[in-house]
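Enquirer: Let's see this in three dimensions:
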Amino acid sequence: MPMLSVNGTELYYEDTGGSGQPVVFSHGLLWSTRLYDPQVEALRGRYRCIAYDHRGQGRSAVPPVKSIDMETLYLDAVALIEKLGVGPCHFVGLSMGGFIGMRLAARRPDLLRSLVLLETSSGPEPLANVPRYTLLNLIARMAGMRPVADPVMRIMFGKSFLTDPNRAEERSLWKARLMENRRDIWRAVNGVIQRQAIAHELPSIRVPTLVVVSEEDVATVPAKAERIQQLIPGSRLVRLPRGGHSVTVEEPALVNATLGTFLDAQASRPTSQAV
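Expert: Reported below is the predicted structural model:
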């Protein structure tokens, strides 16, 4: 199992190798590298695809802290890119991965060739969500993910995916993966609930940036993506007609087409050239 020692922890990662420009994939809360399987499969023929599990999630090590904060995860991403020697890379971040990607682009643009932000937000967790998410997190900590799986599925996936009778098998797979989370996932959840805003840093971002949001995302609604696009100079916004907060697996064809078009356009540009 490929593990990388960074910042006092062990991160699990998968690397397709190859001579193509590197694309680093950073997943969302409660998931793992599996969230990007359709994108890696679509892109591996022309890009070197690297997906990793954040500390405290997936197969990466779990630190003995009460909250795995975004600043720590940002530093982990810096260390991973530097240790693998893949900078400047294309960085793709979904939700929590987007929190990390925005920090990278604002503070370490030398490490990035481009940035893709999927279903994410530049603000703190809305106060209206905090009590509910805190309760769900407490239940998961005490009893595991099974008792909260159904409400969490409704947060993580859009209406189309959840109601399509032809996708029952996929829903069962992702619900099973959700319930595979260890009870200590509460540490990572705390980091998301308690995160600080990054909006004030976005105007300094100069790397080519694509912002993607799905119409059915109830966790980070389209208005949040619009705000990000307004704050990052020269960035582009794509609104997908279907999909929710886990759009990479809900609507892989839409995401693959959007991502591939953007990456292919950036791959031929000098690193310092903006969109």
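Enquirer: CA only for contacts and neighbour counts going forward, please
Expert: Noted.
Enquirer: Please report how far the residue nearest the centre of the chain lies from Thr33.
Expert: By Cα atoms, centre = their mean, the chain has its centre lying nearest to Leu94, at 2.5 Å. Separation of Leu94 from Thr33 (Cα to Cα, to the nearest Å) stands at 11 Å.
Enquirer: still on that earlier bit, show me what contacts the residue nearest to the centre of the chain?
Expert: Leu94 makes contact with 26-28, 117-120 under the criterion Cα atoms under 8 Å, 6 or more residues apart in numbering.
Enquirer: switch to 6 Å and redo it
Expert: 27-28, 118-119 (Cα atoms under 6 Å, 6 or more residues apart in numbering).
Enquirer: and of those, the nearest to Tyr47?
Expert: Tyr47 lies nearest to His27 out of these, by Cα to Cα, at 18.1 Å.
Enquirer: That closest one reaches Gly97, doesn't it?
Expert: Yes: His27 is within contact range of Gly97, at 5.1 Å (criterion: Cα atoms under 6 Å).
Enquirer: Can you give the distance of the helix or strand hosting Asp264 from its chain's centre?
Expert: Taking DSSP states H and E as the definition, one finds Asp264 inside helix 252-267. Mean-position distance between helix 252-267 and its chain equals 16 Å (Cα atoms, centre = their mean, to the nearest Å).
Enquirer: mind listing what's buried in it?
Expert: 252, 254-256, 259, 262-263, 266-267 (16 or more other Cα atoms under 10 Å).
Enquirer: and Val212, which of the three is it?
Expert: Secondary structure state of Val212, per DSSP: H, G, I helix; E, B strand; the rest coil, is strand.
Enquirer: Distance-wise, check it relative to Leu162.
Expert: According to Cα to Cα, Val212 stands 21 Å off from Leu162.
Enquirer: okay, the two: which has more neighbours?
Expert: Val212 (24 against 18; other Cα atoms under 10 Å).
Enquirer: what's across from the more buried one in the sheet?
Expert: Taking DSSP bridges as the rule, Val212 bridges to Leu118, Val238.
Enquirer: and it, what does it touch?
Expert: By Cα under 6 Å, 6+ apart, the neighbours of Val212 are 118, 237-239.
Enquirer: Reformat those as a markdown table; add pLDDT, distance to Pro88 and neighbour count.
Expert: Formatted as a markdown table, the contacts of Val212 follow (pLDDT from 0 to 100; distance: Cα to Cα, whole Å; neighbours: other Cα atoms under 10 Å):
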| residue | pLDDT | distance to Pro88 | neighbour count |
| --- | --- | --- | --- |
| Leu118 | 98 | 20 | 28 |
| Leu237 | 98 | 23 | 17 |
| Val238 | 98 | 24 | 16 |
| Arg239 | 98 | 27 | 13 |
